[in-house]
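build the 3D model from these lines:
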Amino acid sequence: MRITYTGVGLFWIWLFVNAFTLSAQEKLELSGKIRVLEPVEMRLENIKGEVLQKTVVKNNSPFSLQACKIEPDVYLICFGETKQPIYLTNTQVTIKGFYNCRDVKSSSLNFTGIDIYYELLKWLPKEEFSQDKTIDPEIKGKLKGNMYSALAYISDMSTYESNKLLLDCMSEEALKTTSGKWLKHRTDSLYHYSIGAPAYDFTFQDAQGKKVSLSDFRGKLVLVDFWASWCGPCRHEMKNLLPLYNELKGDDLEFISISLDSKEENWRKMLEEEKLPWVMLWDEEGFVIGNEPNKIQRAYGFYSIPFIVLIDKEGRLLAKDLRGERVKEEILKARANK
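Below is the predicted model of the structure:
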């Protein structure tokens, strides 16, 4: 089987497929030779963000990661900052092609030895760019073990129904795997985090060390922005919120930004740099990548930032995963429906 990727995320995919086979090999062997403009670090990571193997890839020079025995599951093959989730087994995987660290979209990488990953691609949701991707209910019984949870991770579906469908297809044994645990956490979070449900009543400290809770603002619309100082898109979105705050501020509306920085000093440095006029809080747990997100991530069901939600005057979730113009639209809609 030969797969060609270009760009980021799932890349653009051209598939040349041999028969579906399972390897009896006892270890994963990952090697190849690719063209690069400059040396780039290649890593094999699990979905918890742990680096299992790494090497430096040089132009047209053979490379290989040390053979290691893995649990068949979804892993991340990383070139620099580009991360591609792929289902891997204890087999030989070869990578050829071209990687452009300056323009990732122009990259083209050919993978062989990932047959099970191809099997999963056939079940990817057709709504590639939709916030509400759905899975084909006919999938039940068509895959094996943690291939269901791997599919959930690769497709990044945000609906409770689709994640629960895949979760229900899994055996108790499959749920013990890394992606199985991840899917259980994700599904549980989505169940509690649905439009109209009571929003989790968090309590965090502000810059003066005072404890502030969501319930302190009952009777107001509350916009909650989850971010971190190291997250470029978060800082960009926060700058977009400032003119919106100045335009819409009033006694019926409160903005709250919750930092997920792991270090308090990074949060405080950003406070000095941005000097934003609304409530600024810090969650000392920090942002967690992988199958065991922190408490606030589980409560609100998010796995990436920035993440913005709108909460009504009774403390119920009105809208989630807001960006750009949708932030203003949802606030105005909520005010119109008061």
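
after the lowest-mean-pLDDT helix or strand in the chain, next one along is what?
Among the helices and strands of the chain, strand 12-16 carries the lowest confidence by mean pLDDT, DSSP states H and E, at a mean of 34. Using DSSP states H and E, the next helix or strand after strand 12-16 towards the C-terminus is strand 28-36.

list the buried residues for that following strand?
Going by neighbour count (16 or more other C-beta atoms under 10 Å), the buried part of strand 28-36 is Leu28, Glu29, Leu30, Gly32, Lys33, Ile34, Val36. To be clear about C-beta, it is placed using only N, CA and C from the backbone, and glycine gets the same treatment.

quick check: longest helix of the protein.
Assignment by DSSP state H gives helix 232-248 as the longest helix of the chain.

could I have it exported to CSV, CA atoms only?
Only the C-alpha atoms of helix 232-248 are listed here, as CSV (Å, rounded to 0.1, in the frame of the first residue of the first chain):
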residue,chain,number,x,y,z
GLY,A,232,-0.4,32.0,19.0
PRO,A,233,-4.0,31.5,17.8
CYS,A,234,-5.2,32.2,21.4
ARG,A,235,-3.4,35.5,21.6
HIS,A,236,-4.8,36.5,18.2
GLU,A,237,-8.3,35.6,19.2
MET,A,238,-7.9,37.5,22.5
LYS,A,239,-6.9,40.7,20.5
ASN,A,240,-10.1,40.2,18.5
LEU,A,241,-12.1,40.1,21.7
LEU,A,242,-11.0,43.5,22.9
PRO,A,243,-12.9,45.7,20.4
LEU,A,244,-15.9,43.4,20.8
TYR,A,245,-15.7,43.9,24.5
ASN,A,246,-15.6,47.7,24.2
GLU,A,247,-18.5,47.6,21.8
LEU,A,248,-20.8,45.2,23.7
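
give the other helices and strands that that helix contacts.
strand 221-227, strand 253-259, helix 264-274, helix 325-336 (3 or more C-beta pairs under 8 Å, 6 or more residues apart in numbering; DSSP states H and E).

now mean pLDDT too, for these, in a markdown table please.
Formatted as a markdown table, those follow (pLDDT from 0 to 100):
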| stretch | mean pLDDT |
| --- | --- |
| strand 221-227 | 96 |
| strand 253-259 | 96 |
| helix 264-274 | 92 |
| helix 325-336 | 93 |
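
mind checking which of those is nearest Cys68?
With C-beta to C-beta, the closest approach to Cys68 among the helices and strands packed on helix 232-248 belongs to helix 264-274: 33.8 Å.
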